[in-house]
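A.B. asks: A predicted structure for the sequence below; I have some questions about it.
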Amino acid sequence: MQTLTELKQQAQREKNQVVSIANAADEEVLLAVKKAVDQSLCSFLLFGIKQEIQKMARTVELDLTKGQITIIHVDSKPSDAAVKAVHDRKADILMKGNVSTKELLKAVLNKESGLRTGGVLSHVALFEIPNQDRLVFLTDAAMNLTPTLQEKEQIINNAVQVARGVNISNPNVAVLAAVEVVNPAMQATTDAALLTQMQKRNQIKGCTIDGPLAFDNAVSRKASDHKGIHSEVAGNADILMVPTIEVGNALYKSFMYFANAKVAAVISGAKAPIVLTSRTDSSDSKLYSLSLALVSSKTF
């Protein structure tokens, strides 16, 4: 797969699924809903104040009479209602509308009506970068600040779960650090080496891991060959795993602002995919993220 358009086309071939949106009274969210319905991607449950959703829908010319859209009026706590719909299997995917991330995640982590699995939640982004011959995953750029070795293991598992949804059966995972050699003074390098060994001993399954790898050696075969690094992963990474949120955030924004990349992103590690885009994201970005959630939901 080379483009996010192909991802969307794959989503169109999936079985019809239902997306639960927490407070759908948001212009860009409803534009994404309109595009998704027009392209027969999925159906929607729109939670929030009915009059506000209807007013916003008129602004974006969204036809609410279509059978793929159902408005469910709630006066307060739309996040709780939207999450419970997924918990009760009335919907397959959770999507953030005009609510705060904190509010939505609080509902997700509710012990009784949430979507907890007992594991770590992590952000998995899929980038279409100009001049690259394939899509590449990046994790974790938004959720975990300085993950421990055990948390990094779960972050890899979460990303592999999503990658399987886009038909990458055994993704190559590059565990990034500043250098390619193990240095006890650099925790990122020792964690990377341990994760590599854990995969070789079958403690981490469903992927091939190599690390520590500097960014250039993870994505460029020329760079890895020049440094004498030969592995299945070096220069051929499907998933880039960063050591801290600062590294992930900087890489994410570098791809977007310097390389003009397109992105789809979900939260993995819950009982269902969560589309947790920013309020400033365009409707196209939200649609790509929704497509990633739709194709990966079968692996959850």
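C.D. replies: Yep, it's here.

A.B. asks: gap between Ala141 and Ser289?
C.D. replies: 13 Å (C-beta to C-beta, to the nearest Å). Heads up, the C-betas are built off the backbone N, CA and C, glycines and all.

A.B. asks: more crowded one of these two?
C.D. replies: For Ala141 versus Ser289, neighbours defined as other C-beta atoms under 10 Å are more numerous around Ser289 (27 against 24).

A.B. asks: in three-state terms, label that one for me.
C.D. replies: Counting by DSSP: H, G, I helix; E, B strand; the rest coil, the backbone at Ser289 sits in helix.

A.B. asks: list the contacts for it?
C.D. replies: Shown in contact with Ser289 (C-beta atoms under 8 Å, 6 or more residues apart in numbering): Val263, Ala264, Ala265, Val266, Val275, Thr277, Asp281.

A.B. asks: same thing with Phe215?
C.D. replies: Phe215 touches Leu176, Leu240, Leu251, counting by C-beta under 8 Å, 6+ apart.

A.B. asks: just the pLDDT for it.
C.D. replies: With respect to pLDDT, Phe215 has a value of 96.

A.B. asks: try the one 4 residues further on
C.D. replies: Per-residue confidence (pLDDT) for Val219: 94.

A.B. asks: any idea how far it lies from Ala142?
C.D. replies: 21 Å.

A.B. asks: repeat for Asp88
C.D. replies: 27 Å.

A.B. asks: look at the two and report which has more neighbours.
C.D. replies: Between Asp88 and Ala142, counting by other C-beta under 10 Å, Ala142 is the more crowded of the two (19 against 10).

A.B. asks: quick one: residues contacting the closest residue to that one other than its chain neighbours.
C.D. replies: Nearest non-adjacent residue to Ala142, counting by C-beta to C-beta, 6 or more residues apart in numbering: His123, 3.8 Å away. Going by C-beta under 8 Å, 6+ apart, His123 touches Thr139, Asp140, Ala141, Ala142, Met143, Gly248, Ala265, Val266, Ile267, Ser268, Leu276.

A.B. asks: His123 in helix, strand or coil?
C.D. replies: At His123 the chain is in strand, as set by three-state DSSP.

A.B. asks: ok, residues contacting the helix or strand hosting Glu151?
C.D. replies: Assigning secondary structure by DSSP states H and E places Glu151 in helix 149-165. With contact meaning C-beta under 8 Å, 6+ apart, helix 149-165 is reached by 119-122, 124, 126, 137, 139-140, 144, 147, 171, 173, 175, 191, 194-195, 198, 203-204, 206-207, 209, 238-239, 241, 266, 268-269, 273, 292, 295-300.

A.B. asks: domain map for this protein?
C.D. replies: Split into domains by automatic domain parsing, the chain comes to 4-116+270-299, 122-258.

A.B. asks: please save the CA atoms from the helix holding Glu151 in PDB.
C.D. replies: Provided in PDB are the C-alpha atoms of helix 149-165 (Å, rounded to 0.1, in the frame of the first residue of the first chain):
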ATOM      1  CA  LEU A 149      10.400  -1.400  28.600                       C
ATOM      2  CA  GLN A 150       7.200  -3.200  29.400                       C
ATOM      3  CA  GLU A 151       5.100  -0.300  28.100                       C
ATOM      4  CA  LYS A 152       7.200  -0.200  24.900                       C
ATOM      5  CA  GLU A 153       6.500  -3.900  24.400                       C
ATOM      6  CA  GLN A 154       2.700  -3.100  24.600                       C
ATOM      7  CA  ILE A 155       3.200  -0.100  22.300                       C
ATOM      8  CA  ILE A 156       4.800  -2.400  19.700                       C
ATOM      9  CA  ASN A 157       2.000  -4.900  20.100                       C
ATOM     10  CA  ASN A 158      -0.600  -2.200  19.600                       C
ATOM     11  CA  ALA A 159       1.000  -0.900  16.400                       C
ATOM     12  CA  VAL A 160       1.400  -4.500  15.000                       C
ATOM     13  CA  GLN A 161      -2.300  -5.000  15.700                       C
ATOM     14  CA  VAL A 162      -3.200  -2.000  13.500                       C
ATOM     15  CA  ALA A 163      -0.600  -2.900  10.800                       C
ATOM     16  CA  ARG A 164      -2.200  -6.300  10.500                       C
ATOM     17  CA  GLY A 165      -5.500  -4.500   9.600                       C
END
